[in-house]
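Colleague: sequence plus the predicted model coming up.
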Amino acid sequence: MIKEFKQFAFKGNVMDMAVGIIIGGAFGTVVKSLVDNVLMPPLGKLIAGVDFANMKYVLEPAVAETKDAAGEIAIAAQPEVAIAYGQFITDFISFILLALAVFLVVKKFLGSFRKEEQKPAEPPKPSNEELLLTEIRDELKKQNG
């Protein structure tokens, strides 16, 4: 069983896939950083100084912890309940850029395969024997025709 696992785990395809996953994760991090730190601040500035990360619709505001006179907790703290649509916009833009980058890489990768497949091989030149047989056939057609 261990031998079979080693054969599976160290095949080229599995190792290539692992490298692809690691690079894909790092690439996703870079794209997210690009969106969060480079694209969204100027976009927010263009839209009257809006910070997309803080854009949200508060359904229920946060409640701070309150204590009674004895120092015991009367009301426990409750976190804010909000719809963070600004973060959704940021993540959506990040997804679109990542999908575009993957599309371009895959298109380039598949395009290189298609170019290799489209090159037709030159047909082999007829041998001397085939040339002689063709001449004989043509002569017979002339005599019978």
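Modeller: It's in.
Colleague: got a pLDDT number for the spatially most central residue of the chain?
Modeller: In the chain, the centroid-proximal residue (C-alpha atoms, centre = their mean) is V102; its distance is 3.7 Å. pLDDT, V102: 78.
Colleague: in a strand, A74, correct?
Modeller: Yes: using DSSP: H, G, I helix; E, B strand; the rest coil, the assignment for A74 is a strand.
Colleague: T66 is in contact with that one, correct?
Modeller: Yes: judged on C-beta atoms under 8 Å, A74 makes contact with T66 at a distance of 5.1 Å. Quick note: C-beta positions are derived from backbone N, CA and C, even for glycine.
Colleague: gap between the host helix or strand of the residue nearest to the centre of the chain and the chain center?
Modeller: Using DSSP states H and E, V102 maps to helix 85-118. Remark: helix 85-118 is offset 5 Å from the chain centroid, using C-alpha atoms, centre = their mean, to the nearest Å.
Colleague: kindly report the same for stretch 17-30.
Modeller: The chain centroid and the centroid of stretch 17-30 are separated by 9 Å under C-alpha atoms, centre = their mean.
Colleague: any idea of the mean pLDDT in it?
Modeller: Averaging pLDDT along stretch 17-30 yields 80.
Colleague: please shift the residue numbers so they start at 37 in all later answers.
Modeller: Fine by me, first position is 37 from now on; the one you just mentioned is stretch 53-66.
Colleague: next, count neighbours for M91.
Modeller: When neighbours are defined as other C-beta atoms under 10 Å, M91 has 17 of them.
Colleague: where does the protein have low pLDDT?
Modeller: Along the chain, segments meeting pLDDT under 70 span 44-51, 149-156, 181.
Colleague: what about the residue of it most remote from its centre, distance to E166?
Modeller: Ranked by distance from the centre of the chain (C-alpha atoms, centre = their mean), the top residue is Q179, with 68.7 Å. Note on Q179: its distance to E166, by C-beta to C-beta, to the nearest Å, is 21 Å.
Colleague: before we move on, what about V74?
Modeller: Taken as C-beta to C-beta, the span from V74 to E166 is 66 Å.
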